[in-house]
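Trainee: Structure, please.
(2 chains)
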Amino acid sequence: MKNKVITTVLTVFLIISALFMAGGLRIAGTMISSMNGLNELAVMTEYLQMHKGTYDEDAFEHFVETHDYIKASMVVDMLNIRNANITYQGETLEKYLMDNGFVVQNEEFDFLLNMDNEIAVVRDGEIGVPVYYAQELGVGVGDVITLHEGDYSKKLTVSTIIRDSSMNPALTSSKRFLISLSDLEEISLHTGEWEYLFEFLLEDGATAAVLEKDYMDAGMPSNGVALTGSALTMLNTLSYGVVAFIIIAISIILIMIAVLCLSYIIRATMAEENYTIGEMKAIGFPQKTIKKLYQVKYLMLVLVAGVLGYLLSIPFGDFFSSSIVMYCGYGTSEWMKWIFPFIGVILLSLIVLHRCRRIIHKNLKSTVVELMRGEEKIKKEGHYSLPSAGLKHRNLTIALGELRCKWKEYIVIFFIFAVSSFLILLPMNMKNTVENPSFMTYMGVGESDIRIDIQYSEKLAEQKAAALSFLENDSEITKYAIYQNGYVQFVNADGDFEYLRVENGDQSVFPLEYLEGSAPDDGKKIALSYLIASESGKKVGDSLMVTYQGEELLFTVSGIYQDITYGGKTAKAAIDFDENDVEVYIIYLEVRDGVTVSEKTNELRSILTDSKITPINEFVSQTLGGIMDNLGLVERAAIMISFLLIMMITVMFLQLITAREHSEIAIKKAIGFTNKDIRIQLGIRILIIQFVAIIVGTILSNYLGEAIFGLMLSSMGASKIIMLVEPVTAYLLYPVAQLLMVLITVIVGTKVVRNYHIRNQIME
Amino acid sequence: MIKVEQISKSFKDTQVLQGISFEIKKGDFVAVMGPSGSGKSTLLYSISGMDSLSSGNVFFEGINISEMPEDELSEFRLNKMGFVFQNAHMLKNLSVFDNIILPGLVAKRESADDIRKRALELMKRMGIEGIKEHDIREVSGGQLQRASICRAMINNPEILFLDEPTGALNSSATDQVLKILDDLNRDGMTIMTITHNPHVATQAKKVIYIKDGQIAASKEFQAGADRVEELDEWLKGF
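Mentor: The predicted structure follows:
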């Protein structure tokens, strides 16, 4: 290969592709190993039912005894303490959405592990803090957590950070703190409310669905969320898998680009070497030998790229999987993070080499004469006409004309520019969509400012009344609505009983945009979340039978909406829940213009001390938790990669195009064009291509991006996302930045035109 | 018109031209001959400003072009010089006609209409008006070479530089090109051509013989003399 720049850029391209391929697979390997490892070592529960309120212990024991597929079971006593009563470094956990429970270490399964993935042990006066808080608040060993209620205060020293196979990720709304039995007993005398976790391990072959049905049929305690092992795994995968998914997606795009570039470069350089190949053929070199000679070059390139890509993927993968490792540890199958990327790099190398082989093989088909005469099999490019009025803007006219004739040569660079623009905009638009207040509409409620959760307590009715009377008289609040949340059962498409979280309240206050149909407007109608509707196969107009307190209620589906809260499985219907069955009252409210949400939140917190008050933007960001952080990371990475890609491809393309057009450049110089003219012409050609590519990339990121985002979030409950674009950044700043990047690269990259000495070119 | 003073040119360690001096007068037809590698083409590109000099000066109508910056030289060449190469290097994305008019449109000395008219006249004179709209790949080498002479003439240059203009042509095409050059010179065009074809050199009024980068000898033909015989005799001396 003649040109060192081209070889270098191509090698860098291949290294980046290999790096992303290996990096993505390393993250995937780490993720699988970590999650499996945590589940294995913690002995994850296979079915977990939360319950608030009293229950019949004998009935539960009887249930376990009479179902022989239950391998083990236990009831975990969890003391829920309101976030306002937990203080860390002088601040309460009030702004956190999580429900915080205090437990002792389990004896049989569902162990809480320390950071070495060993069963954590805490002594009196010590506390194990969920890894979520270690990451969000930076809680570390030796720090102090204070629990307080009235005059009572209990200081606990953090002795370990806890990994929890059931409640680890941000997407799970409960978190467990580990304390000693005597501390738990002492604290319970002063603060908190008990919640019970009914947990089961099953014999091989038994499914959680069977247990769930039997559990329901037997009328076992069920005032709370139920989760199966597979649902927990899915929550984990969603939380940690996004980065791996996006990186692997980017790596696939990069590999496509690398293969495209490689094909283009091989074709371009082979065309220059046709004479040599012709000579070799003429003096009797066997085709195989010539093939090998050329393949060896590319083999060396691929080898270098593969080895470097693999080595670089180690720190790269570890950086992006640091959050998984922090939450789950390294796991039990660490070999995966070494072997997966290795296989990936080998596959990449094979793809690249196969492509090389095919092009070289095709090139060698030409006869000796064709090769030596340089009878390129290239297509006739055709010609353009000079304007009859003369050349007012000579460089523009010539550049446009040449572009018209040579457009096929620009397909590769056009594709890469478009992909780069797409890569920059997609994560940015995703992040912008998620961060916009209107994202709330994917969380099952119309746009509002603040959410108040009044959770199960003995003083539920009292708290509700206090909240409502305050809101009624607060002139800074323009509107509010209260929603009763409780659980009913329904039969899903598989014929199994499933819990359904139903919200009852005035749906017209904060109107929600429905995917299909509309909100329920009478007591006989029910609106279903997208996941419930798709899993149960229900459409608008279908009927749905639900069971509440043993009574069957028949509803007609009035509409389907998107909701990513509570595992995406919710419904809206006018079911008047018994006060004891209300899991939570949620109040949404909107503040008057000019009133800041944060100030109103603080005011409400100081008045409604028993309730959980969260600004909606906090609610969204905390619910999506790691996903948003990850999107931010990916956004920055995508921008960097895209700009690097744009620069490299422009450098490489300029090298190829100037080498290919050296004779035309020389002719132009001979007939009076200056170096500057020629550089401007090259620049115009590339910038026009890039301009069109940016438009295509932008359109793609809007439309295809919505589909991709919908696909990503459909497993969470939102399938149809309207991408919200920040126009100044997306349509002005980034395109201008990309164009500038190319312009600068062109200015530097076309300096080579000066070296094309007329004499050398003409005399060649 | 052109005064070449002690020009030398070297590539790395190789001295290609050594202290060459001569003059070309207006209306001259100079042929430069010499064995392969003697420095003929280097001499042409050096004095036309297409290549830089290691030392020495070239004066074009009194202006020292060896000291001109690159872009200024481009402009100078565009207006004052015409070039014809061994292979008719043309832009492949333009028709034969547009290739011819392009230097005229770039120079903008005349209106676009006048340039087109001139190009047509030149093509008629060269006998290639029929290939006007053709793609450059669709025409013969002889036609293309005549088209490149038209291109070289489009800005009414003061001198025409030719580098082996018939090197890639068959004998009938060579004769056509030589006839055109002869006509142009009769009309007053100054011409300098590089050739190792004695047949081409006999068209010239003056022949310079280069050997090892130096002028070995030069000769002016006498009017009415048998140039072929005279040149054969002269070349035997080298």
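
Trainee: next structured bit after the helix or strand hosting A:Met628?
Mentor: Assigned by DSSP states H and E, A:Met628 belongs to helix A:626-660. Reading on from helix A:626-660 to the C-terminus, the next helix or strand found by DSSP H and E is helix A:662-670.

Trainee: on contacts alone, who are the packing partners of that following helix?
Mentor: Contacts defined by 3 or more C-beta pairs under 8 Å, 6 or more residues apart in numbering or on different chains; DSSP states H and E place helix A:662-670 against helix A:675-714, helix A:758-763. For the C-beta atoms, the positions are set from N, CA and C on the backbone; glycine is no exception.

Trainee: Show me what from chain B comes close to chain A.
Mentor: Contact residues, chain B versus chain A (C-beta under 8 Å from any C-beta of the partner chain): B:41-42, B:45, B:50-51, B:70-71, B:74-75, B:77-79, B:83, B:85, B:89-95, B:98, B:101-103, B:105-108, B:111-112, B:115-116, B:135-137, B:151, B:163.

Trainee: Can you get me a residue count around the residue nearest to A:Thr658 when sequence neighbours are not counted?
Mentor: For A:Thr658, ignoring the flanking residues on the chain, the nearest one in space by C-beta to C-beta, 6 or more residues apart in numbering or on different chains is A:Val752 at 5.5 Å. Residues near A:Val752, counting by other C-beta atoms under 10 Å in any protein chain shown, number 17.

Trainee: ok, A:Val752 - contacts?
Mentor: By C-beta atoms under 8 Å, 6 or more residues apart in numbering or on different chains, the contact list for A:Val752 reads A:Leu654, A:Gln655, A:Thr658.

Trainee: Wondering if the longest helix along chain A reaches chain B at all.
Mentor: Among the elements of chain A assigned as helix by DSSP state H, the one spanning the most residues is helix A:229-272. No. Figure legend: helix A:229-272 not in contact with chain B (C-beta under 8 Å from any C-beta); closest approach 14.6 Å.

Trainee: Just the C-alpha atoms of the helix or strand hosting A:Ile482, please, in CSV.
Mentor: A:Ile482 belongs to strand A:477-491 when elements are defined using DSSP H and E. The C-alpha trace of strand A:477-491 is given here as CSV (Å, rounded to 0.1, in the frame of the first residue of the first chain):
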residue,chain,number,x,y,z
ILE,A,477,-51.4,25.2,43.3
THR,A,478,-53.5,25.5,40.2
LYS,A,479,-54.8,21.9,40.1
TYR,A,480,-54.4,18.6,41.7
ALA,A,481,-55.9,15.1,41.6
ILE,A,482,-55.8,12.2,44.0
TYR,A,483,-55.5,8.6,42.8
GLN,A,484,-56.2,5.5,44.9
ASN,A,485,-53.9,2.6,44.1
GLY,A,486,-54.6,-1.0,44.9
TYR,A,487,-54.3,-4.4,43.5
VAL,A,488,-56.8,-6.7,41.8
GLN,A,489,-56.2,-10.0,40.1
PHE,A,490,-56.9,-11.0,36.6
VAL,A,491,-56.4,-14.0,34.4
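
Trainee: Mean confidence (pLDDT) on it, please.
Mentor: Per-residue pLDDT over strand A:477-491 has a mean of 89.

Trainee: Stretch A:629-649 now?
Mentor: 83.

Trainee: Show me where the chain dips below the pLDDT cut-off.
Mentor: Since no chain was named, I'll use chain A. A:1-3, A:242-244, A:269, A:271-272, A:371-380, A:456-458, A:625-627, A:757-764 (pLDDT under 70).

Trainee: Sorry, I should have been clearer: chain B.
Mentor: B:223-224.

Trainee: before we move on, the earlier item: and the contacts of A:Val752 as a markdown table, adding neighbour count and distance to A:Glu618?
Mentor: Shown next, in a markdown table, are these (neighbours: other C-beta atoms under 10 Å in any protein chain shown; distance: C-beta to C-beta, whole Å):
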| residue | neighbour count | distance to A:Glu618 |
| --- | --- | --- |
| A:Leu654 | 26 | 49 |
| A:Gln655 | 22 | 51 |
| A:Thr658 | 21 | 55 |
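
Trainee: For chain A, give the residue positioned nearest to chain B.
Mentor: Per C-beta to the nearest C-beta, the residue of chain A with the smallest distance to chain B is A:Gly672, at 2.9 Å.

Trainee: And for that residue, the neighbour number?
Mentor: Around A:Gly672 there are 21 other residues, counting by other C-beta under 10 Å.

Trainee: likewise B:Glu233?
Mentor: Burial of B:Glu233 is recorded as 10 neighbouring residues (other C-beta under 10 Å).

Trainee: So what touches the helix or strand it falls within?
Mentor: For B:Glu233, the element it lies in under DSSP H and E is helix B:227-235. Contacts with helix B:227-235, where a contact means C-beta under 8 Å, 6+ apart, come from B:Met33, B:Pro198, B:His199, B:Ala201, B:Thr202, B:Val207, B:Tyr209, B:Ala217, B:Lys219, B:Phe221, B:Gln222.

Trainee: and stretch A:297-312, which residues are buried?
Mentor: Within stretch A:297-312, the residues that count as buried by 16 or more other C-beta atoms under 10 Å in any protein chain shown are A:Tyr298, A:Leu301, A:Val302, A:Ala305, A:Gly306, A:Leu308, A:Gly309, A:Tyr310, A:Leu312.

Trainee: let me fix that: stretch A:492-503
Mentor: A:Asn492, A:Phe497, A:Glu498, A:Tyr499, A:Leu500, A:Arg501, A:Val502, A:Glu503.

Trainee: just those now: which is nearest A:Ala206?
Mentor: Nearest to A:Ala206 among those is A:Phe497, at 16.0 Å by C-beta to C-beta.

Trainee: I figured that closest one was touching A:Asp217, is that so?
Mentor: Yes. Counting by C-beta atoms under 8 Å, A:Asp217 is a contact partner of A:Phe497 at 7.3 Å.

Trainee: isn't there a strand covering A:Leu553?
Mentor: Yes. Assessed with DSSP: H, G, I helix; E, B strand; the rest coil, A:Leu553 lies in a strand.

Trainee: give me the beta-bridge partners of the residue nearest to it when sequence neighbours are not counted?
Mentor: Counting by C-beta to C-beta, 6+ apart, A:Leu553 lies nearest to A:Val546, which is 5.3 Å off, once chain neighbours are set aside. Beta-bridge partners of A:Val546, counted by DSSP bridges, are A:Phe490, A:Leu553.

Trainee: number of nearby residues for A:Val546?
Mentor: Neighbour number of A:Val546 under other C-beta under 10 Å is 20.

Trainee: Kindly report the same for A:Gln295.
Mentor: By the criterion of other C-beta under 10 Å, A:Gln295 has 16 neighbours.

Trainee: Number of residues surrounding A:Lys362?
Mentor: Residues lying near A:Lys362 (other C-beta under 10 Å) number 12.

Trainee: what helices or strands is the helix or strand harbouring it leaning on?
Mentor: If you go by DSSP H and E, A:Lys362 is part of helix A:336-363. Using 3+ C-beta pairs under 8 Å, 6+ apart as the contact test, the elements touching helix A:336-363 are helix A:4-42, helix A:229-272, helix A:287-320.

Trainee: Of these, which stretch is the most buried?
Mentor: helix A:4-42 (a mean of 23; mean count of other C-beta atoms under 10 Å in any protein chain shown).
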